[in-house]
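Trainee: Build the 3D model from these lines:
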Amino acid sequence: MFLDYWVNCKLKMHISVREQELVILRMGCLFRSNYVFKHHVPLAREFGVSEAELQAVRDSCYDGFPPCEAAMLTLTDEFMYTRTLSPATWTKYNTTLSATEVVDLIGLVSQYVFWDL
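Mentor: Purely as a prediction, here's the structure:
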């Protein structure tokens, strides 16, 4: 039942499937979950994520990504490490991401943080 709920939620997010997969891959790295990472690599490739981008996600080097994707990956790291979004980070990215995208990103990240508790 949860899986049906979660898949339905992901379909209604205001962030693309490619962006979702990048974030999920990053969460796999942050939690050192080879299962999550390996499971989502084929999905990410399906949505155009290259080998170089996969390595960049592993290395937390987001310079080559479009601004929106780099912001999501950077925010994913901050959410993971601090469980919050600092005012400075919000100021830096509030013109790159909409409030709706940030809320969806929080929802996506929290699914992985929740399961790690």
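Trainee: Which residue ranges of this structure form helices?
Mentor: Assigned by DSSP state H, the helices in the chain fall at 2-11, 17-30, 34-46, 51-59, 67-82, 87-93, 99-116.
Trainee: Out of those helices, which one sits most buried?
Mentor: Of all these, helix 17-30 has the most neighbours on average by mean count of other Cβ atoms under 10 Å, namely a mean of 22. C-betas here are computed from N, CA, C, even on glycine.
Trainee: Okay, angle between it and helix 67-82 too, please.
Mentor: In terms of direction (axes from the mean of the first three to the mean of the last three Cα atoms, to 10 degrees), helix 17-30 departs from helix 67-82 by 30 degrees.
Trainee: Which neighbouring elements make contact with helix 17-30?
Mentor: helix 34-46, helix 51-59, helix 67-82, helix 99-116 (3 or more Cβ pairs under 8 Å, 6 or more residues apart in numbering; DSSP states H and E).
Trainee: In TSV, list these along with distance to Ala88 and mean pLDDT.
Mentor: Below are the helices and strands packed on helix 17-30 laid out as TSV (distance: least, Cβ to Cβ, whole Å; pLDDT from 0 to 100):
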stretch	distance to Ala88	mean pLDDT
helix 34-46	29	91
helix 51-59	23	97
helix 67-82	10	94
helix 99-116	15	81
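Trainee: Redo these as TSV? Include distance to His14.
Mentor: Converted to TSV, these look like this (distance: least, Cβ to Cβ, whole Å):
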stretch	distance to His14
helix 34-46	19
helix 51-59	21
helix 67-82	11
helix 99-116	5
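Trainee: how about the ones you listed, which one is nearest Glu19?
Mentor: helix 67-82 (5.6 Å; Cβ to Cβ).
Trainee: what does that closest one contact?
Mentor: 15, 18-19, 22-23, 26-27, 30, 57, 60, 62-63, 65, 84-86, 89, 93, 96-97, 101-102, 105-106, 109-110, 113 (Cβ atoms under 8 Å, 6 or more residues apart in numbering).
Trainee: Understood, closing this out.
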